[in-house]
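A.B. asks: Could you work out the structure for the sequence below:
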Amino acid sequence: MIAMMLIDPFWWLMVPGLLLGIYAQIRLSSAYGRYIRQPAESGLSGAEAARMLLDSAGLQDVPVAMVPGELTDHYDPVKRALFLSEANFRGRSIAALGVAAHEAGHALQHKAAYAPLQIRMMLVPATNFASKAAFLILGVGFVLTAIGFLSIGLFAKILPLAIGAYAVVTLFQLVTLPVEYDASRRAREHLVRAGVISGREVGAVQDVLNAAALTYVAALVTAVLELLRLIMIARSLDDR
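C.D. replies: Sure thing, here's the model as predicted:
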């Protein structure tokens, strides 16, 4: 443990991101849990609302399917399909409509060739590789250095590889933020315009969408701090 702290004296930079991530998850669980029990005045299910929004945008060819799990909702730009968890697919609550509309918002972005979404799609393969590479380099590198199998000098030479990989991950999180906020904006506007939610329900839907967006803010903050931590570790090793 002492050896690890000597190699990584900046471990405390992980704490703010961790705490923000926990807070974001608690807030999302609270908002979603509250409004999943509140029936929508329209009586529509999440699947019906998503179908209505997609059809109104001329996206009749985009299917809406159900997937297992909780809050596993997503839009797949490769399959050009929208997937909703069972609670949001079948549910007729404020939360179900908000989540379903948000995912439909991604389909609308795709149709409009929304630039940040296009960039995020291009970054997906590189991000998947980079995240695995960074984890492998750091995880194995820290352990081997801590037990003395790897010299600090050699670890310092391979650390820039992890920094480069994590820079890709950070860029992905940075691009993701406007994508998610824009999808929520589109969701709210289309829900109101289509009459799926009433004026009395706008605040509740916004609460759910804001709570979900906070998780992406937490992910970005965590990525930035992790990148900063790795850079500071590299500099400290160079000074030895």
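
A.B. asks: can you tell me how far the residue most central in space within the chain sits from Thr176?
C.D. replies: Taking Cα atoms, centre = their mean, the centroid of the chain lies closest to Tyr216, which sits 4.6 Å from it. For Tyr216, the distance to Thr176 equals 6 Å [Cβ to Cβ, to the nearest Å]. All C-beta atoms are positioned from the backbone trio N, CA, C, and that covers glycine.

A.B. asks: Check which helices and strands the helix or strand hosting Arg27 sits against.
C.D. replies: Arg27 belongs to helix 14-35 when assigned by DSSP states H and E. Counting contacts by 3 or more Cβ pairs under 8 Å, 6 or more residues apart in numbering; DSSP states H and E, helix 14-35 is packed against helix 94-111, helix 202-238.

A.B. asks: Phe83: which of those is closest?
C.D. replies: Phe83 lies closest to helix 94-111 among the helices and strands packed on helix 14-35, at 7.6 Å (Cβ to Cβ).

A.B. asks: Please state the offset of the closest one from the chain centre?
C.D. replies: In this view, helix 94-111 has its centroid 15 Å away from the chain centroid, taken as Cα atoms, centre = their mean, to the nearest Å.

A.B. asks: Same question for stretch 105-116.
C.D. replies: Centroid separation for stretch 105-116 versus its chain: 16 Å, with Cα atoms, centre = their mean.

A.B. asks: And that stretch, end to end?
C.D. replies: Start and end residues of stretch 105-116 are separated by 13 Å (Cα to Cα, to the nearest Å).

A.B. asks: For that stretch, what does the pLDDT average out to?
C.D. replies: For stretch 105-116, mean pLDDT is 95.

A.B. asks: I'd like to check what contacts that stretch. Which residues are they?
C.D. replies: Stretch 105-116 is contacted from outside by 53-54, 57-59, 62, 74-75, 77, 80, 82, 117, 175, 178-179, 182-187, 190, using Cβ atoms under 8 Å, 6 or more residues apart in numbering.

A.B. asks: For the helix or strand following the helix holding Arg27, which helices and strands make contact with it?
C.D. replies: Sequence-wise, the next helix or strand downstream of helix 14-35 (DSSP H and E) is helix 46-56. When contacts are defined as 3+ Cβ pairs under 8 Å, 6+ apart, helix 46-56 packs onto strand 64-67, strand 81-85, helix 86-90, helix 94-111, helix 152-193.
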